[in-house]
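Colleague: I'll drop the sequence and a predicted model, then ask my questions.
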Amino acid sequence: METSKLNVRRMRGNDQGIVENDSPAEPHGSSPARPVSALVRLYVYALHGCLCEVAFTAVWDWCSTQDRRLAGHSSLWALPMYATAIYVMERLRALMLAQNHPLTVRLMLYTVFIYLWEFSWGVGLSLLGACPWDYSGHRYNLGGLITLDYALPWAVAAYIAEQHVIRHTLRIRLHN
């Protein structure tokens, strides 16, 4: 039953930040597993972000219109936007965990980061005439590019990203 033992080390450092390591131990005589590349992680993060956006917009629309079709929506621009945002959050996570910041502080910092990221992408896409969102109809908005109405959903998204998506993506190991 040696192959079913789990490593009990909490964290180890590597060139990708701090990685929680409770993956299964390597069987005797096998080659070591390696973490997935940054490109694979970006792919996972892009898909996760788009899926969450489609689900969020479906529920948000249902709450406001009772549209039972739950026809959420997104844009192809969301793929690089979410991929790079969560990738940067991966680095922020490593830094904040290394400094022992409590969860509430991390969530506040992630939420501020998300607003800055969304605003930056919104400005860039607006310059191209391609910004797929407009929050002008929301009471607390900045240029229609961000709205404080989404502070709680962004904090929840940050929690899910940190505690589940990033954590588990960094645990994926590939065998030769």
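Modeller: Cool, got the structure.

Colleague: figure out how far the longest helix seen in the chain is from the centre of its chain.
Modeller: Taking DSSP state H as the criterion, the chain has its longest helix at helix 38-65. Centroid separation for helix 38-65 versus its chain: 10 Å, with CA atoms, centre = their mean, to the nearest Å.

Colleague: neighbouring contacts of the helix or strand following it?
Modeller: For helix 38-65, the following helix or strand on the C-terminal side (DSSP states H and E) is helix 78-98. Applying CB atoms under 8 Å, 6 or more residues apart in numbering, the contact partners of helix 78-98 are 11, 16-18, 38, 41-43, 45-46, 48-50, 53, 105-106, 109-110, 113-114, 117-118, 121, 132, 158, 161-162, 165-166, 170. From N, CA and C alone the C-beta is placed, and that goes for glycine too.

Colleague: what packs against the helix or strand harbouring residue 158?
Modeller: Taking DSSP H and E as the criterion, residue 158 maps to helix 151-160. Counting by 3 or more CB pairs under 8 Å, 6 or more residues apart in numbering; DSSP states H and E, the packing neighbours recorded for helix 151-160 are helix 38-65, helix 103-127.

Colleague: who wins for proximity to residue 154 among those helices?
Modeller: Nearest of those to residue 154, taken as CB to CB: helix 103-127 at 4.8 Å.

Colleague: listing partners with orientation, what would you give for the helix or strand following the closest one?
Modeller: Counting by DSSP H and E, the element after helix 103-127 in chain order, helix or strand, is strand 141-142. As defined by DSSP bridges, the strand partners of strand 141-142 come to strand 146-147 (antiparallel).

Colleague: contact partners of the partner strand?
Modeller: 115, 118, 119, 122, 135, 138, 139, 140, 141.

Colleague: low-confidence ranges, the protein, go.
Modeller: 1-30 (pLDDT under 70).

Colleague: same thing but 50
Modeller: Residue ranges of the chain with pLDDT under 50: 1-20, 22.

Colleague: rebuild the contacts of strand 146-147 as JSON lines, extending it with distance to residue 100.
Modeller: Putting those into JSON lines (distance: CB to CB, whole Å) gives the following:
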{"residue": "115", "distance to residue 100": "25"}
{"residue": "118", "distance to residue 100": "28"}
{"residue": "119", "distance to residue 100": "29"}
{"residue": "122", "distance to residue 100": "33"}
{"residue": "135", "distance to residue 100": "35"}
{"residue": "138", "distance to residue 100": "36"}
{"residue": "139", "distance to residue 100": "37"}
{"residue": "140", "distance to residue 100": "33"}
{"residue": "141", "distance to residue 100": "35"}
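
Colleague: tell me the one of those nearest residue 66?
Modeller: Of all these, residue 66 sits closest to residue 138, with 19.9 Å by CB to CB.
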